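# Have a look; sequence and predicted model below, questions after that.
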Amino acid sequence: MNRSDQSVLRQLPSVDALLQSSEIQQALLRYPRKLVVINATGIIVHTNLGRSLLPEEAIDRLTLLCRSYNNLEYDLEKGRRGSRYVHAEALLCE
């Protein structure tokens with residue numbers, strides 16, 4: 001990463017600063033904290049999923065999925081390879 005990139009990244013607010021913002025404080029009044037803040041100071045879930053701890057519910061679901069065929073990277077509607085991210089996109093946007 002070059003100095004320019006590092007300079008831009010240093011301008012990103014800390015998670016703590018985001019938690020103190022009025023918008024996030026309002027969201028925290030309506031939703032549990034675990035649904036309001038994604039700690040994006042590290043690596044966003046990608047191929048480094050092994051670095052993330054998963055809740056039991058996710059482990060149980062993955063166990064079920066791994067025992068059969070799945071469409072992780074296959075677009076069933078188009079009948080060809082798709083995006084592995086499409087399954088999480090709506091949840092991340094939410």
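Received the coordinates, thanks. Numbers count the residues shown, from 1 in each chain.
# For Ser83, grab phi and psi.
Taking degrees, to the nearest 10, you get phi -110, psi 140 for the backbone angles of Ser83.
# Against Leu64, how distant is Val15?
32 Å (C-beta to C-beta, to the nearest Å). Quick note: C-beta positions are derived from backbone N, CA and C, even for glycine.
# Between the two, point out the one with more neighbours.
Comparing Val15 with Leu64 by other C-beta atoms under 10 Å, the one with more neighbours is Val15, at 14 against 9.
# for the more buried one, phi and psi?
Taking degrees, to the nearest 10 as the convention, Val15 sits at phi -60, psi -40.
# ok, it to Leu35 distance?
Val15 is 15 Å from Leu35, by C-beta to C-beta.
# Also Leu9?
26 Å.
# ok, now Cys66?
Taking C-beta to C-beta, one finds Cys66 at 26 Å from Leu35.
# Who has more neighbours out of the two?
Between Cys66 and Leu35, counted using other C-beta under 10 Å, Leu35 has the larger neighbour count: 11 against 8.
# Just the element for the more buried one, please.
Per DSSP states H and E: Leu35 is located in helix 33-36.
# buried ones in that helix?
Val36 (16 or more other C-beta atoms under 10 Å).
# Need the contact partners of that helix.
Ile24, Ala27, Leu28 (C-beta atoms under 8 Å, 6 or more residues apart in numbering).
# Could I get the average pLDDT for whatever helix or strand comes next after that helix?
The first helix or strand that comes after helix 33-36 along the chain, using DSSP H and E, is helix 56-66. On average, the pLDDT along helix 56-66 is 90.
# in helix 56-66, what counts as buried?
So, applying 16+ other C-beta under 10 Å, helix 56-66 has no buried residues.
# got the end-to-end distance for stretch 68-80?
19 Å (C-alpha to C-alpha, to the nearest Å).
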